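K.L.:
Structural data only, the sequence is not supplied:
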């Protein structure tokens, strides 16, 4: 038997939180009425309090900070090998012994 996770929309989550805040019912009763697993509504409340407008972004949507970090990591992947090439020691035009000729 395969169990799939249920995905709730942002609007549903916000409406469930609003209901919990305005209702005289307990959080557990509201979760049961909405068919939510125990503790999920509390998790959503905490997430909304911590993240504000950034809460419930949806799958694959990044916060501005996460997006910037992703971009910087991608740039590092490109710039790292370029830096290594520049740091690589290239053969010089000096003589085989590495001495510099001095003209008198």
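P.N.:
In hand now; what should we look at? Predicted model, so just to flag it, every value in this text is computed and none were measured. Numbering: from 1, shown residues only.

K.L.:
which SS class is residue 57?
P.N.:
Recorded secondary structure, residue 57: coil (DSSP: H, G, I helix; E, B strand; the rest coil).

K.L.:
Then residue 102?
P.N.:
Recorded secondary structure, residue 102: coil (three-state DSSP).

K.L.:
Residue 42 and residue 28, how far apart?
P.N.:
9 Å (CB to CB, to the nearest Å). No exception for glycine: its C-beta is placed from N, CA and C like everyone else's.

K.L.:
Over to residue 65?
P.N.:
Counting by CB to CB, the gap from residue 65 to residue 28 is 34 Å.

K.L.:
what about these two, which has more around it?
P.N.:
Counted by other CB atoms under 10 Å, residue 65 and residue 28 do not tie: residue 28 has more neighbours, with 13 against 9.

K.L.:
what about the nearest residue to the more buried one once chain neighbours are set aside, neighbour count?
P.N.:
Distance criterion CB to CB, 6 or more residues apart in numbering; nearest residue to residue 28, sequence neighbours excluded, is residue 38 at 6.6 Å. Using other CB under 10 Å, residue 38 has 10 other residues around it.

K.L.:
thought residue 38 was touching residue 31?
P.N.:
Yes - using CB atoms under 8 Å, residue 38 is in contact with residue 31, at 6.0 Å.

K.L.:
which element is residue 33 on?
P.N.:
helix 27-34 (DSSP states H and E).

K.L.:
and the helix or strand following that helix, what does it pack onto?
P.N.:
The helix or strand immediately downstream of helix 27-34 is helix 40-51, counting by DSSP H and E. Here helix 40-51 touches helix 10-22, helix 27-34, going by 3 or more CB pairs under 8 Å, 6 or more residues apart in numbering; DSSP states H and E.

K.L.:
Thank you, goodbye.
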